[in-house]
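Undergrad: Okay, predicted coordinates and the sequence, questions at the end:
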4 protein chains.
Amino acid sequence: MRKIYSLVALFLGLQCIVLAKTDTVQVHSDAMDKDVPNLIITPSGYSSSTTYPSVYLLHGAGGDYTTWARIADLQQYADRYGLIIVCPDAGVTSWYFDSPIDPKMQYESYVASELVAWVDDHYATKPDRAYRAITGLSMGGHGGLYLGFRHQDVWGAVGSTSGGVDIRPFPLNWDIAKRLGSYAENKEVWEENSVINMLHLLDGKTLDIIFDCGRHDFFYDANVRLHEKMEERNIPHDFISRPGVHNAEYWQNAIAYQLLFFNSKFEARKK
Amino acid sequence: MRKIYSLVALFLGLQCIVLAKTDTVQVHSDAMDKDVPNLIITPSGYSSSTTYPSVYLLHGAGGDYTTWARIADLQQYADRYGLIIVCPDAGVTSWYFDSPIDPKMQYESYVASELVAWVDDHYATKPDRAYRAITGLSMGGHGGLYLGFRHQDVWGAVGSTSGGVDIRPFPLNWDIAKRLGSYAENKEVWEENSVINMLHLLDGKTLDIIFDCGRHDFFYDANVRLHEKMEERNIPHDFISRPGVHNAEYWQNAIAYQLLFFNSKFEARKK
Amino acid sequence: MRKIYSLVALFLGLQCIVLAKTDTVQVHSDAMDKDVPNLIITPSGYSSSTTYPSVYLLHGAGGDYTTWARIADLQQYADRYGLIIVCPDAGVTSWYFDSPIDPKMQYESYVASELVAWVDDHYATKPDRAYRAITGLSMGGHGGLYLGFRHQDVWGAVGSTSGGVDIRPFPLNWDIAKRLGSYAENKEVWEENSVINMLHLLDGKTLDIIFDCGRHDFFYDANVRLHEKMEERNIPHDFISRPGVHNAEYWQNAIAYQLLFFNSKFEARKK
Amino acid sequence: MRKIYSLVALFLGLQCIVLAKTDTVQVHSDAMDKDVPNLIITPSGYSSSTTYPSVYLLHGAGGDYTTWARIADLQQYADRYGLIIVCPDAGVTSWYFDSPIDPKMQYESYVASELVAWVDDHYATKPDRAYRAITGLSMGGHGGLYLGFRHQDVWGAVGSTSGGVDIRPFPLNWDIAKRLGSYAENKEVWEENSVINMLHLLDGKTLDIIFDCGRHDFFYDANVRLHEKMEERNIPHDFISRPGVHNAEYWQNAIAYQLLFFNSKFEARKK
């Protein structure tokens, strides 16, 4: 689809300036030996003669690369803040892990390495952690922090909304056991892959962190525990507790604050 | 000052459309028998042929009606969201109380009754609680919730940033005792005028609430206690814990999220 | 008895210098129209040509003015720190209240006014709150804080060990209801006379406070709550949690730390 | 230096009785293959014909073996309680670890084995855990509990004032990462070497424990957590919360209570 739009742009003599648009792109993953679909939103007036910060939005379990575009008006945010927004597909329930037991589920490598390289290669991004952010909803909230904490060279700002930041209370849900093996038999793997147990990775490096959860979300308690543990460990972060449950209405609202957060960090770095 | 601007507008043939502007207006308080200065920011393209939501921003102890305009680019927010922003003066340390012991400190009456009436009379506001919000910083954070909880017929959305939501730990600070009498001798007065003790006023009415505090602010613990008490009482609210101390840098950042919040509530009501 | 000792001292030509001694003195209470016994320990080498700080030690329910002398070697402390130690009698279970229902139980007036005046009149004290301290055990721990909070002009340093700092959980114990009336029928009286509800009296005045409790004492939880409430209210204080139960072994140990505390405050004031 | 004093003593015919004194001694560490300076204070009237309890005082990060002598009047305490006080040097920021990555930082071995043996060999100590105590300030507070928990055969009483009892919130501070490697890459090492994670070592053995922290110290929260965890685990201990921050004024006051504590334990064992 991107090629078609580009042709149109050329045809209209706009050269480097194209209309606001949403591209659906297939990116090949060597790690999984398959193509993965992604949505990429560029700001109106997008021009390859300048560069833009990029924000990666991760979907939840059961969703796909189109989920975020159906929840929120991404184009409006891309325009307001001058952002490139990237929505990868995560194989329904990959949990953004490089699964130790399923070679077709290597979504950490895909998102953090293959996709970022591809996007930087094909779009006018600022190819720098200072201008890259990642966040997501539910499984994708886990993904935003999980990938963000483990790849601080890639993303300088990370977030989660309604995130599954502690997977241990959910040993039978959402195919997590298919990715990591059962909790009963793989305790250490589950411990090490729960975001709440990964704070040692944040050993003083500058990482901007925001996460939120709805008061009546089943992930709320885990998010409060993550917040409290970060306070104990002196890890700077924005935490928002607000009314709401685990649904699209909540995320539509939440993403507005997270994008405001990311934009304010990008703006601060320009100074 | 407003009249002069209007004359200019007329002279230019713009009639009801005036340029973006900041008015300094003196409003007479019958309650205190004195004039009080205020800053009023209208959005660019302000026209009395339409109506706008209004947001009241309260300054902290030691500040005045110009404080908020020096902290944040209020015009930008007025423009982005189409708001009228009102910054009253609060007599340095009035604490927005109707002081039982000082007839010249009747700032609850002034802000909640006299000023709101004057603003609605002189500006093209939507004169409805659904489209009025109030918030403030420090003493003004107390003020935002104190006035908001006690005048739910006036404001439908209320906030506080770094607010003094519990005055009891500070019996000798910021002239509170000059307004209420000493804590030792006026225990009940202090108890009844601490925001944290006023949750019974929120008896199920629809009031949108947001408050935040910096992790290393001396008011942080009290704000956490307020958040926890609201959770106990099933009172819906947004609470944000973020890095920071009690300073202008913090408030410049915080107000962006609060105005996003107020705007999203105003927008929701239009539907 | 004091007169006899003085005569002995004169007879021996020691004039103002007497041997270390423990006086048992009867002091008349106008408030109760009766004599009350007290123990007074002066330091070795006591001389009326100098002045000494004084410390009041209050006994618990069931005790009397001799209790503290049987628990701890008071003479050793009087000597080490150069203190006059005063151990009043408190009518077994007066709770150091001016009872609203029993005219023979006016021990607040007795200790805080009548006894202090008598002691300053008859002994070489420093008659100044800066050099007066009060503490006690159990009911007397309540008394140390109760009298100390209410008479900050009298005592500048106050303490409690294993104190009954919240009387509400014990409506049927130790004759409290005989002093205040039943809790069920006199809720406000009980509320106002529980130490934990009297923090408003500490409105920023300089009062040195120390209290401790044994981990397995039935008063432990109330003392932890008092500590936490003081932290909330920004009230400086030393709080010690240590092993132990409600017994003499605990108090023998605890009083050593409290007298070290009082002495260090007295010493600091000399500078 | 000790020999010179002894010669003076002999010359004066005092034989085994020497004046109160402070020795600076160099003790060779085989573990580090270097000499380490230490201060040793003996009580006035010290005589090798009797034996004394010994207390080890550990300095904080940035300090050295002279730090404690500049904070407090150690001679006065040595005299009052009849103690030998030992102040080792800890290489500025050794954290009293046997560093797995720096062979010149083996201060656990030095203090717990080499120095204790040397002191017992050269001074008239009671060479028994029952009469040996260890405590320290800040990094040395960590050291007092760290060494004390791991060497219960050496010390029978341990303490900490303003101690860094949880090192995990401070991954970039005070060279800890130079001793243990980075937290991000050596999570287990940091976990195992945080005092708060070492309570399993206290499996019912008789160890007297005291620790304190200032209310506004940056280590306060961690000390409160340690206290609460010890309460959960039924580990007897004295914990003192008092006003104050991380400074010498605080430690000058705190050490008085800790030495009172150690002395009372030594006295109790004589019975």
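TA: Yes, it's here. Numbering: from 1, shown residues only, chains lettered A, B, ... in the order given.
Undergrad: Can you tell me the closest non-neighbouring residue to the residue of the stretch 51-200 of chain A found nearest chain C?
TA: Nearest to chain C, among the residues of the stretch 51-200 of chain A, is residue A:199, at 26.2 Å (CB to the nearest CB). In this view, the C-beta of every residue, glycine as well, is placed from N, C-alpha and C. Nearest non-adjacent residue to residue A:199, counting by CB to CB, 6 or more residues apart in numbering or on different chains: residue A:233, 5.4 Å away.
Undergrad: What residues does that neighbour make contact with?
TA: The contact partners of residue A:233, taken as CB atoms under 8 Å, 6 or more residues apart in numbering or on different chains, are A:199, A:202, D:168, D:169.
Undergrad: What are the neighbouring residues in contact with the first one?
TA: Right, residue A:199. Residue A:199 touches A:149, A:229, A:230, A:233, A:235, counting by CB under 8 Å, 6+ apart.
Undergrad: With the last one instead?
TA: With contacts defined as CB under 8 Å, 6+ apart, residue D:169 is in contact with A:232, A:233, A:234, D:222.
Undergrad: so residue A:221 is in which element?
TA: helix A:220-232 (DSSP states H and E).
Undergrad: got the contact list for that helix?
TA: In contact with helix A:220-232 (CB under 8 Å, 6+ apart) are residues A:160, A:162-166, A:169, A:195-196, A:199, A:209, A:211-214, A:217, A:237, A:239, A:241, B:215, B:241, D:166, D:169, D:221-222, D:225.
Undergrad: Please list only the buried members of those.
TA: Neighbour counting with 16 or more other CB atoms under 10 Å in any protein chain shown marks A:160, A:162-166, A:195-196, A:199, A:209, A:211-214, A:217, A:237, A:239, A:241, B:215, B:241, D:166, D:169, D:222 as buried within those.
Undergrad: Report the secondary structure state of residue A:26.
TA: strand (DSSP: H, G, I helix; E, B strand; the rest coil).
Undergrad: so the closest residue to it other than its chain neighbours bridges to which residues?
TA: Excluding the flanking residues, the one nearest residue A:26 by CB to CB, 6+ apart is residue A:35, at 4.4 Å. On the basis of DSSP bridges, residue A:35 is bridged to residue A:28.
Undergrad: Quick one: neighbours of residue A:35, just the number.
TA: 12 (other CB atoms under 10 Å in any protein chain shown).
Undergrad: quick one: contacts of the helix ranked longest in chain A?
TA: Scanning chain A for the longest helix, with DSSP state H as the assignment, gives helix A:248-270. Contact partners of helix A:248-270, identified using CB under 8 Å, 6+ apart, comprise A:53, A:55, A:57, A:68, A:70-72, A:77, A:80-81, A:83, A:130-131, A:133, A:135, A:137, A:156-157, A:159, A:161-162, A:208, A:210, A:212, A:214, A:217, A:238, A:240, A:242, A:244, B:253, B:256-257, B:260, B:264.
Undergrad: Of these, which belong to strands?
TA: A:55, A:57, A:133, A:135, A:157, A:159, A:161, A:208, A:210, A:212, A:214, A:238, A:240, A:242 (DSSP state E).
Undergrad: mind listing the helices for the stretch 1-150 of chain A?
TA: A:2-11, A:67-71, A:74-81, A:107-109, A:116-122, A:139-150 (DSSP state H, counting those that start in this stretch).
Undergrad: Indicate whether the second one makes contact with chain B.
TA: When you say that, I think you mean helix A:67-71. No: residues of helix A:67-71 contacting chain B under CB under 8 Å from any CB of the partner chain: none, with a closest distance of 14.7 Å.
Undergrad: Can you show me the CA trace of that helix as PDB?
TA: In PDB, the C-alpha atoms belonging to helix A:67-71 read as follows (Å, rounded to 0.1, in the frame of the first residue of the first chain):
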ATOM      1  CA  THR A  67      -6.200  -2.500  17.000                       C
ATOM      2  CA  TRP A  68      -4.800   0.800  18.100                       C
ATOM      3  CA  ALA A  69      -6.100   2.600  14.900                       C
ATOM      4  CA  ARG A  70      -9.600   1.400  15.800                       C
ATOM      5  CA  ILE A  71      -9.300   2.700  19.400                       C
END
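Undergrad: which helices and strands sit right next to that helix?
TA: strand A:34-42, strand A:84-88, helix A:248-270 (3 or more CB pairs under 8 Å, 6 or more residues apart in numbering or on different chains; DSSP states H and E).
Undergrad: so of these, which one's packed in deepest?
TA: Of all those, strand A:84-88 carries the top mean neighbour count, a mean of 27, counting by mean count of other CB atoms under 10 Å in any protein chain shown.
Undergrad: Report the buried residues of the helix holding residue A:221.
TA: A:220, A:222, A:223, A:224, A:226, A:227, A:230, A:231.
Undergrad: could you dump these to JSON lines with distance to residue B:63?
TA: Formatted as JSON lines, the buried residues of helix A:220-232 follow (distance: CB to CB, whole Å):
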{"residue": "A:220", "distance to residue B:63": "36"}
{"residue": "A:222", "distance to residue B:63": "40"}
{"residue": "A:223", "distance to residue B:63": "35"}
{"residue": "A:224", "distance to residue B:63": "34"}
{"residue": "A:226", "distance to residue B:63": "36"}
{"residue": "A:227", "distance to residue B:63": "31"}
{"residue": "A:230", "distance to residue B:63": "32"}
{"residue": "A:231", "distance to residue B:63": "29"}
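Undergrad: now the residues you listed as CSV including distance to residue D:105 and pLDDT?
TA: Shown next, in CSV, are those (distance: CB to CB, whole Å; pLDDT from 0 to 100):
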residue, distance to residue D:105, pLDDT
A:220, 45, 98
A:222, 39, 98
A:223, 40, 98
A:224, 39, 98
A:226, 34, 98
A:227, 36, 98
A:230, 30, 97
A:231, 31, 96
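Undergrad: Out of those residues, flag the one nearest to chain C.
TA: After measuring the buried residues of helix A:220-232 against chain C - CB to the nearest CB - the closest member comes out as residue A:231, at 16.4 Å.
Undergrad: Just the buried ones among the contacts of helix A:248-270, please.
TA: By 16+ other CB under 10 Å, the contacts of helix A:248-270 give A:53, A:55, A:57, A:68, A:71-72, A:77, A:81, A:83, A:130-131, A:133, A:135, A:137, A:156-157, A:159, A:161-162, A:208, A:210, A:212, A:214, A:217, A:238, A:240, A:242, A:244, B:253, B:256-257, B:260, B:264 as buried.
Undergrad: Return the residues in contact with whatever residue of the stretch 1-150 of chain A ends up closest to chain B.
TA: In the stretch 1-150 of chain A, the residue that lies nearest chain B is residue A:80 (8.7 Å; CB to the nearest CB). Contacts for residue A:80 were tallied using CB under 8 Å, 6+ apart; they are residue A:263.
Undergrad: any weak-confidence spans in the stretch 151-271 of chain A?
TA: The model of the stretch 151-271 of chain A has pLDDT under 70 over residues A:204-205.
Undergrad: can you rerun that using 80?
TA: Applying pLDDT under 80 to the stretch 151-271 of chain A flags residues A:203-205, A:271.
Undergrad: interface residues of the stretch 101-250 of chain A facing chain B?
TA: Close to chain B, as judged by CB under 8 Å from any CB, the stretch 101-250 of chain A has residues A:215, A:227, A:231, A:236, A:237, A:238, A:239, A:240, A:241, A:242, A:243.
Undergrad: Pull up the gap between the fourth one and chain C, please.
TA: Read that as residue A:236. 24 Å (CB to the nearest CB, to the nearest Å).
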